[in-house]
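J.: Model the following, please.
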Amino acid sequence: MQPKGRHLVLLWLLVFLAVAAVVNGRQTRAYALAKRLSEVSARRDALDAEAAELQRRIQQASSRPVLGRRVEARGFHVAEDAEFELLPLPSEKAP
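T.: Numbering: from 1, shown residues only. This next block holds a predicted model:
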């Protein structure tokens, strides 16, 4: 039995609809993935900004003036030139 013209049209219509459904599904997933990627990228940018702020605060807190004030508040003083003593390192002798 040979398929008639209307059967071929119906078959091609079903094939077209199946392909269109697959393409539509892929596009929907692609848009969802692009949205998620955008959210993750924004989150990463926020974390990078936070890391830069924390790094700035660490550098500021470990600066000489800030540490000097903290040390003096605990009763220490800045060493004068006469208070420095250089210790020589022992020289290594080859065996």
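
J.: top helix in this protein by residue count?
T.: helix 5-61 (DSSP state H).

J.: Measure how far the helix or strand following that one is from the centre of its chain, please.
T.: Remark: after helix 5-61, the chain's next helix or strand is helix 64-73, criterion DSSP states H and E. The chain centre lies 34 Å from the centre of helix 64-73; the measure is CA atoms, centre = their mean, to the nearest Å.

J.: what's the angle from helix 64-73 to helix 5-61?
T.: With axes from the mean of the first three to the mean of the last three CA atoms, to 10 degrees defining the directions, helix 64-73 sits at 50 degrees from helix 5-61.

J.: For the protein, give me the ranges with low pLDDT.
T.: 1, 94-95 (pLDDT under 70).

J.: So which residue is dead centre in it?
T.: Arg44 (4.6 Å; CA atoms, centre = their mean).

J.: Could you check how far that residue is from Gln55?
T.: Distance, Arg44 to Gln55, using CB to CB, to the nearest Å: 16 Å. Where you see a C-beta, it was placed from the backbone N, CA and C, and this is true even at glycine.

J.: can you check Ala32 too?
T.: 35 Å.

J.: Ala79: which element?
T.: Applying DSSP H and E, one finds Ala79 in no helix or strand.

J.: For it, grab the count of nearby residues.
T.: Residues within reach of Ala79, counting by other CB atoms under 10 Å, total 9.

J.: Next, it: phi, psi?
T.: phi -70, psi 140 (degrees, to the nearest 10).

J.: and it, what is it in contact with?
T.: Applying CB atoms under 8 Å, 6 or more residues apart in numbering to Ala79 gives no contacts.

J.: Roughly how far does it sit from Arg69?
T.: 16 Å.

J.: How about Phe16?
T.: 77 Å.

J.: again with Asp45
T.: For Asp45, the distance to Arg69 - CB to CB - is 35 Å.

J.: Over to Lys35?
T.: Taking CB to CB, one finds Lys35 at 49 Å from Arg69.

J.: do Leu17 as well
T.: From Leu17 to Arg69 the distance is 76 Å (CB to CB).
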